[in-house]
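J.: got a structure for you, letters missing:
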Ligand SMILES: [Zn+2]
């Protein structure tokens, strides 16, 4: 590997580094950010790296894109302990953290197909309430059903 290629794996010039993702969840994180089908954004992915905090963790480096706080807060569902650094010119310019609010509005759809929010004739906002933080329990604000956390990535809006 050339020195330049090596540097690409270890450091990025501009972009966002998302650290402390639970091991095995980095693809879900990319899905949540709408980057899974990206054909143009360079993304480096480290899976199952040793971590003092988590045992094993995933790390994502997204080049030439500064993720917004709103985008990052989407990650709270799957990576509530993630730490985020905005990189400019190889330096950490800003640190951000993922925050789990009390409600997710128009992030994911209720996973129950007969919920009123999934009726195309009822244009309601999709509101999922954070019922408990640890362990995470999410409920639909309309039908009250507990959401399957692992399945939610398939119900992104
Ligand atoms: Zn519902």
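T.: Noted; the coordinates are in hand. Only a predicted model underlies this, so the values are computations on that prediction, with no experimental measurement involved. Residues are numbered from 1 along each chain as shown.
J.: could you pull out the helices for this protein?
T.: For the chain, applying DSSP state H gives helices covering 3-10, 26-32, 69-73.
J.: need the least confident one among those, by mean pLDDT.
T.: For the helices of the chain, mean pLDDT drops lowest on helix 3-10, to a mean of 53.
J.: Next, the contact list for the residue nearest the centre of the chain, please.
T.: Closest to where the C-alpha atoms of the chain average out (Cα atoms, centre = their mean) is residue 75, at 2.9 Å. If a contact means Cβ atoms under 8 Å, 6 or more residues apart in numbering, then residue 75 has 18, 29, 32-33, 82, 98 as its contacts. (Each C-beta comes from the backbone N, C-alpha and C, glycine too.)
J.: Please list the residues of the protein that sit near the ion.
T.: Within the chain, the positions near the ion by Cβ under 5 Å from the ion are 110, 115, 140, 142-143.
J.: mind redoing it with 6 Å?
T.: Residues of the chain lying close to the ion by Cβ under 6 Å from the ion are 110, 112, 115, 117, 140, 142-143, 145.
J.: Can you pick out the most distant pair from the residues you listed?
T.: Of all pairs drawn from those, the greatest distance, 10.8 Å, lies between 117 and 145 (Cβ to Cβ).
J.: Identify the contacts common to those two.
T.: The contact lists of residue 117 and residue 145 share residue 110, where a contact means Cβ under 8 Å, 6+ apart.
J.: Neighbour count: the two, which is higher?
T.: residue 117 (18 against 13; other Cβ atoms under 10 Å).
J.: which residues does the more buried one contact?
T.: Per Cβ under 8 Å, 6+ apart, neighbours of residue 117: 109-110, 124-127, 140, 142-143.
J.: Could you do residue 71 as well?
T.: Residue 71 makes contact with residue 33 under the criterion Cβ under 8 Å, 6+ apart.
J.: Could you check how far it is from the ion?
T.: 24 Å (Cβ to the ion, to the nearest Å).
J.: Tally up the residues packed near residue 107, please.
T.: 19.
J.: now swap in residue 89 and tell me
T.: 7.
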